[in-house]
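Undergrad: have a look at this prediction, sequence included:
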Amino acid sequence: MHNLLRTMETYLQTAWGDQWNDVTMDIVRIAIEGIKKMDDEHGVFWVGLMKEEENVLEVHKDLELFGVFEEEPGIQYKGQGKDWNEIEILFQTFLSNKMEVVKSRLKREGS
């Protein structure tokens, strides 16, 4: 039987070309500071969290959010953040593997 507490792999990728593995909140804060300086085209970053499958949370400079979760790989969730503090808290929740809380903050596209 596989160990149920196996380590989750994480990464952060930016549209401006930076990438990190083993993401911490310090890395997320660096990306938030970076996105504020980018033009709209490059003002995007996303964090991936691998459990059994990949979970992804993406934010745009205008605070638009997108999420895809392993339980529903073909469904995209969408939302709008009110400020960068809220975005930071949402990424902290995501990195804590509290996917149901993150989903509750977003809306399933098409619903």
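TA: Yep, it's here. If you're wondering where the values come from, they're calculated on a predicted model, not measured in any experiment.
Undergrad: make it CA atoms for all contacts and neighbour counts henceforth
TA: Will do.
Undergrad: low pLDDT regions in this structure?
TA: Counting by pLDDT under 70, the chain shows low-confidence ranges at 1-7, 110-111.
Undergrad: in its sheet, which strands sit next to the helix or strand where Tyr11 lies, and in what direction?
TA: According to DSSP states H and E, Tyr11 maps onto strand 9-14. Using DSSP bridges, the strands paired with strand 9-14 are strand 19-21 (antiparallel), strand 44-50 (antiparallel).
Undergrad: ok, now how distant is Glu9 from Lys51?
TA: 7 Å (CA to CA, to the nearest Å).
Undergrad: would Pro73 count as being in a strand?
TA: Yes. Under DSSP: H, G, I helix; E, B strand; the rest coil, Pro73 falls within a strand.
Undergrad: quick one, helices of the protein?
TA: 25-37, 84-95, 99-105 (DSSP state H).
Undergrad: which of those sits closest to Val56?
TA: Among the helices of the chain, helix 84-95 comes nearest to Val56, with 8.9 Å by CA to CA.
Undergrad: residues touching Glu58, list them.
TA: Shown in contact with Glu58 (CA atoms under 8 Å, 6 or more residues apart in numbering): Val44, Phe45, Trp46, Val47, Leu65, Phe66, Gly67.
Undergrad: what distance do you get for the first one to Glu9?
TA: Pointing back at Val44 there. Following CA to CA, the distance that separates Val44 from Glu9 is 21 Å.
Undergrad: more neighbours, those two?
TA: Of the pair Val44 and Glu9, Val44 is the one with more neighbours under other CA atoms under 10 Å, namely 25 against 13.
Undergrad: with adjacent residues omitted, what lies nearest to that one?
TA: For Val44, the nearest residue in space outside its immediate sequence neighbours is His60; the separation is 4.4 Å by CA to CA, 6 or more residues apart in numbering.
Undergrad: before we move on, back to that, could the helices of the chain be laid out in TSV, adding distance to Lys78 and mean neighbour count?
TA: Formatted as TSV, the helices of the chain follow (distance: least, CA to CA, whole Å; neighbours: other CA atoms under 10 Å):
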stretch	distance to Lys78	mean neighbour count
helix 25-37	19	16
helix 84-95	13	17
helix 99-105	9	15
